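> can't give you the sequence, but here's the structure:
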C-alpha cells in the first residue's frame, strides 16, 4: 500500500504557512507501516489540483489531500476531485441540515456561503468532521482511493485517525518500527564517521542522520511482519550505536532534552527555575510544553531590562558596571538570585546578545549559568545566525548544559 | 519563468521535520515575481530523486532542490542529478582543498567522509556556500536549470539570495506585489461573506483567505510590469476591505500583533511586562522575538507554582483559596502584582488550564487580564484543542486583548 500526500493552498506556495499537515500525516503513515515516498503541494487552482490528483493516482494506491474544503470561494478541492474523476457535483441535503444545526446550536446564524460545504463529487462518501464544519470526502478514482481532509490541523488529525488510517488498514503484511536517537555536542560528519560501517552494512534496519536545531539525530528504521519483530531488529544496532556514542546520546524518540531534564529532576526531588534575558521566556516555554512540568518547575524571572536584573534578581549594579550584562559573573548572579526568589533547587540562567544590534557583546554571544545544590557552572558561547536562530540555539544550549550538569557530564570544549 | 521546489529527505516524509525550506523559498520566489505552482518532497532514494527531477524539469524552467548534499552516506542529491542528466561524477580538487582549509582554519581535522562534498556531476558548476562546507550545484538539464542547495536553512538562504534568485532574474516582464491584512475575532466564513463580491470580481488583484493560529488573514496579490504599478493596483481594494472590516484588521504584512503592540506602547511611552502561568513564558517569548523589544519590555514573572504567585506576585492566598488559581480575581491580582514588581506601566497576565489534566478548571479555560494606567480588564476564554494548541491560542489571545485595550476597542463577545 503506497500512500501520497497532496496539500492544497496558494498560501503554502507563497510561504505564508508551513506544510505542517504533511509532517503530521507522514509521521502517522510511518507509524502504521504504510509506504510513503512522495508529497506534493499545489495552489488554489482547480486545473492544477486535478492534474496533481491524476499524477499521484498513477503512482499510489491512496492519496490524502489536505486543504481547500473551506467555505470561501478559493476552496476548490471538491470540484477538482470531481474533475479528476470525471464526475459531476451533487448537493447533499443531509449535510446542509447538519451544517445549519451546527451553527444554530452555537446560537449563530449560518452565513449562506457555508452551503458550499454541502456539495460533493457524485459517487463520493462524506467523512465526518467532529471538530469543524467542513466534511471530508472519500472517492475511488481508478485503482486509487482519494481522501480529502480539511487544512486546519485540529480538524484534519482526528479525521485521519478515525476515518483514513483504519480504512487503509495496516498496510501490507509488514510493519515499520523506528527509533530516534538524539545527540548533542558533535558535528554531523563526526557522528557519521563513527557510524559509517553501520550505515554501509544497513539494509534492514536502515540508519539515517538528521541535523536540526543544534542536535544531530540518528534514525534506525526496521521492517518486519509484526511490530514486535521489527522492534527486535533495532535492539542490537541501537546497542552498538550507544556503545560508540556514549553520553553524546541524551534521549530517544520523544525524549526531548526538556523531557529528560524534568525526569532527572523529579527523580532527585529537585525543583527548577529559570532566569532569562536574551531568550526572553523561551527556556521556560520549552520546559512548560511538557505535560506535568508543574511537578518540578517553579517559574521564571525574565529580566529583560537591566533594572529588573538588579531589583528582582539582586544582581549588584557594580557587577554589571564592571563586567557588562552579557558576562559570566552576571549570569551566575542571575542564577543565584532566581534560586532565592523562586525557591528553586536548580536554576538555569541565560544572558546574551541576540541582535540585530549588539548589546554589550557581539551578536551571538550567549552566557549560560547552571546553579544546583552541588555547585554552579558557567560558559560563554558564540552562536551563529540571526536573532531568531541565536535565541533558538541559546534555548537548546541552556537546556543541554542543564542536562549535562545533572548527569555530571563535562561541558566539553563546545 | 516557472520555478518548482524539490525537497529531499526521508526525515521530511517520516514527519520528523517540517519543510520550512519550501516555505522560505516560496516566499522569496513570490517576492521576485517568479511563478511557482508546485512543490515536491521525496526521500533519500537516488532513483526516486532522479525521477522527481525529471518530472519537475518537464513542467518548469527552473528547479530548486534542497537537502541531500551533506557528508554522510544518505546524502544522494549529487548522484541523482547526474543520473537525471545522464552524466558521470567528477572529483573537484579545488573544492577538496577548500574543504580541508575550512576545517584547518577552525583548528580541527577533517573527517575523510567530507571529501564526498568535493564530488559533482560532470558539466555542473559549484555554488559557493559562505556558511557551511557543502557547496551547491548548478546544471542545465534540457531546457531547465537545476539548482541544488543544502538542507540547513542558515546555509541555504544566503545561497538562494546570492546565487539563485539573481541568476533567474526578475522573472518575465511582470512583477508580483502582495499585501497581507491580518484580522482577529471573526470566523473565516463571516469574513468571506463580507468580502464575497470582491472575491468574485477579483482577477488582478486577486484576493484569498487564510486561517491560522486564531487569525484570519486576507491576501491581496497584484501583477504588473513594475512593482510600483502592482502596488498601485492594491491600493483601492485594500481601502474597500479596510472600510468593511474596520478594527477587525489589526495589522498588515509583517505587522504581527506583537509588533503592533510594541509600537503602540512606544508611541505612548509606556513600558510592558507579563505575568504568566499556563503559557509559561510564551507571551514574553513572542514579545521579545521583535528586534528592539527592549525599548518597551521590562520582563516577565512566570509564576508556574502557586506559591510563586503568592510570594513574587503578591496574590493573596485566601483569594486563591476562594476562587481557584484559574479565575478572574487571580488574573487581575497577577497583573497588579507584576506591574509593581517589574515597574511596568502595562501588564498582561495569563492563567489557565492547558491540560492534559484539568487544573482547577476544565482544560481550555484561560483567563487573561490586562492592566494599564487607564484601568484593568479581564476575560475568561474557553479554548479548544490539546495542550500545545491551548497554549498557542492563549498566547495569541493575550496579545490580541492587550492590543484591543491599547486601541480602546471593545473586547466583544468572543
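It's in. None of these values were measured; they are calculated from a predicted model.
> for the stretch 301-414 of chain A, what lies in contact range of chain B?
A:301-305, A:307-308, A:311-312, A:341-343, A:355-357, A:359, A:384-385, A:387-389, A:391 (C-beta under 8 Å from any C-beta of the partner chain). (Glycine included, C-beta is placed from N, CA and C.)
> at 7 Å what do you get?
A:301-305, A:307-308, A:312, A:341-343, A:356, A:384-385, A:387-389 (C-beta under 7 Å from any C-beta of the partner chain).
> just the buried ones out of these, please.
A:301-305, A:308, A:312, A:341-343, A:385, A:387, A:389 (16 or more other C-beta atoms under 10 Å in any protein chain shown).
> which pair of the residues you listed spans the longest distance?
Using C-beta to C-beta, the two most remote members of those are A:343 and A:385, lying 35.4 Å apart.
> now the strands for the stretch 151-300 of chain A?
Here the stretch 151-300 of chain A has its strands, by DSSP state E, counting those that start in this stretch, at A:175-184, A:206-212, A:215-224, A:249-252, A:272-276, A:297-303.
> which of those has the lowest average pLDDT?
Ranked by mean pLDDT, the strands of the stretch 151-300 of chain A bottom out at strand A:206-212, with a mean of 78.
> and it, which residues are buried?
Within strand A:206-212, the residues that count as buried by 16+ other C-beta under 10 Å are A:206-211.
> what segments of the stretch 51-200 of chain A are helices?
Here the stretch 51-200 of chain A has its helices, by DSSP state H, counting those that start in this stretch, at A:77-85, A:93-105, A:153-159, A:165-168, A:188-194, A:196-201.
> hang on, the earlier thing: list the ones among the residues of the stretch 301-414 of chain A next to chain B that fall in strands.
A:301-303 (DSSP state E).
> contacts for stretch A:194-204 next, please.
Contacts with stretch A:194-204, where a contact means C-beta atoms under 7 Å, 6 or more residues apart in numbering or on different chains, come from A:207, A:222-223, A:233, A:237, A:240-241, A:244-245, B:73, B:113.
> does the residue lying farthest from the centre of chain A lie in a helix or a strand, and which?
Farthest-out residue of chain A from its mean C-alpha position, per C-alpha atoms, centre = their mean: residue A:318, at 42.6 Å. Per DSSP states H and E, residue A:318 falls inside helix A:317-323.
> from the chain's centre, how far out does that helix sit?
In terms of C-alpha atoms, centre = their mean, to the nearest Å, the centre of helix A:317-323 is set 40 Å apart from its chain centre.
> ok, now stretch A:93-108?
So, by C-alpha atoms, centre = their mean, the centroid of stretch A:93-108 is 35 Å from its chain's centroid.
> now it: buried residues?
For stretch A:93-108, by 16+ other C-beta under 10 Å, it's A:95-96, A:98-99, A:103.
> and which of those residues is nearest to chain B?
residue A:103 (9.3 Å; C-beta to the nearest C-beta).
> list the contacts for the closest one?
A:109-110.
> where does residue A:389 land on pLDDT?
85.
> contact partners for it?
residue B:154.
> swap in the one 10 residues further on?
Going by C-beta under 7 Å, 6+ apart, residue A:399 touches A:257-258, A:261, A:283, A:286.
> among the residues you listed, which ones are buried?
Applying 16+ other C-beta under 10 Å to these flags A:257-258, A:261, A:283, A:286 as buried.
> keep only those of those that are in helices.
A:257-258, A:261, A:283, A:286 (DSSP state H).
> and which of the residues you listed is nearest chain B?
Nearest member of those to chain B, counting by C-beta to the nearest C-beta, is residue A:283, at 7.3 Å.
> so the closest one sits right up against residue A:398, yeah?
Yes: the criterion here is C-beta atoms under 7 Å, and residue A:283 meets it with residue A:398 at 5.2 Å.
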